[in-house]
Structure formats: structure tokens, C-alpha cells
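Novice: Show me how the following folds:
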Amino acid sequence: MAKKFTYRLEPILNIRAFRTNQAKEELAKILRLRYRKEQIIEEKKKYKNNLLVAKYSSGKASDIQARIAHKAFVEQEIEKYAQEKNQLLEIEKLRQNKYIEAKKNEMILEKLKEKKLEEYKAETQKEESNFIDEIAIMGFIRKEK
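Specialist: Numbering: from 1, shown residues only. Next up, the predicted model:
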């Protein structure tokens, strides 16, 4: 009876797979944050465009100053969110590199495991073939006697 295939580096492979999943989750988290910042920026730009297009009936100096100040404030917010998005892009690149490295390390062990499994299958096939040959030889010897 053939023994079961065991891969002695399986615990290390499991750890690397766990690290790959962690890196993937971290990358996904950063991507969600960046997409949310982009949405906020788009919303602020639309709001700013609406402010520019809006016609005001009041012509008081204080109202005009308030509108100008509000537009400037919205522009500052857009700039602030754009800077935050750029920071998130840098973090995203770092996390992406970390994920790629973790995936590469996992794949190395996966390939090694596949190679060992193929060797195991070849060895098992050879043992089975030898066993069948031995049975055939024993049967031939019994017939001869």
C-alpha cells in the first residue's frame, strides 16, 4: 500500500499564503480609501461648478464676499483631498509591491510542492509497476513448478 503524500514545507507554505492574503487585504483597504477620496473630489468639483454656474439675485457686497470666500474654501478642500489621494497612491504602491513579493514567495513554494508531488507520483507508479511485475513473476514461477 502506498503511503500518503506529505509535503514537509506545508506549514511554511501556509504561513506564506496567510501573509499573501494579509497583503491582499491591506491593498484592497487602501484601494477603497483611494476610491472614496476620488469620489469626494468629484463631488466637491461638481459642487464648485454648481456654485460658479448659479445666478444670484442679491447684489449685496457681503453676499458676494461670502460666495467668493465659500468658493475659495471649496477649492482648498479639493486641494486637501487631492493631496490625501496622492499620499494614498504612494501607500498603494508600497502595499502593491508588498503583495507582489508575498505572492512571489508563495508561488515559489507552490511550484516546489508541485514538483515534489510529481516526483511522488512517479515513485508511486514505479513501486506499483514493480509490485505488479513481482506478482506476475511469482505467478509464472508457480506455473513452471
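Novice: which stretches of this protein aren't confidently modelled?
Specialist: Scanning the chain for pLDDT under 70 picks out 1-2, 56-58.
Novice: quick one, longest helix in it?
Specialist: Looking across the chain with DSSP state H, the single longest helix is helix 61-144.
Novice: Mind giving me the packing neighbours of that helix?
Specialist: Here helix 61-144 touches helix 10-53, going by 3 or more C-beta pairs under 8 Å, 6 or more residues apart in numbering; DSSP states H and E. Any C-beta I mention is one placed from the backbone N, CA and C, and that applies to glycine too.
Novice: residue nearest the centroid of the chain?
Specialist: Centroid-nearest residue in the chain, with C-alpha atoms, centre = their mean: residue 24, separated by 3.2 Å.
Novice: now the longest helix of the chain, how far from the centre of its chain.
Specialist: Offset of helix 61-144 from its chain centre (C-alpha atoms, centre = their mean, to the nearest Å): 6 Å.
Novice: Thank you kindly, that will do.
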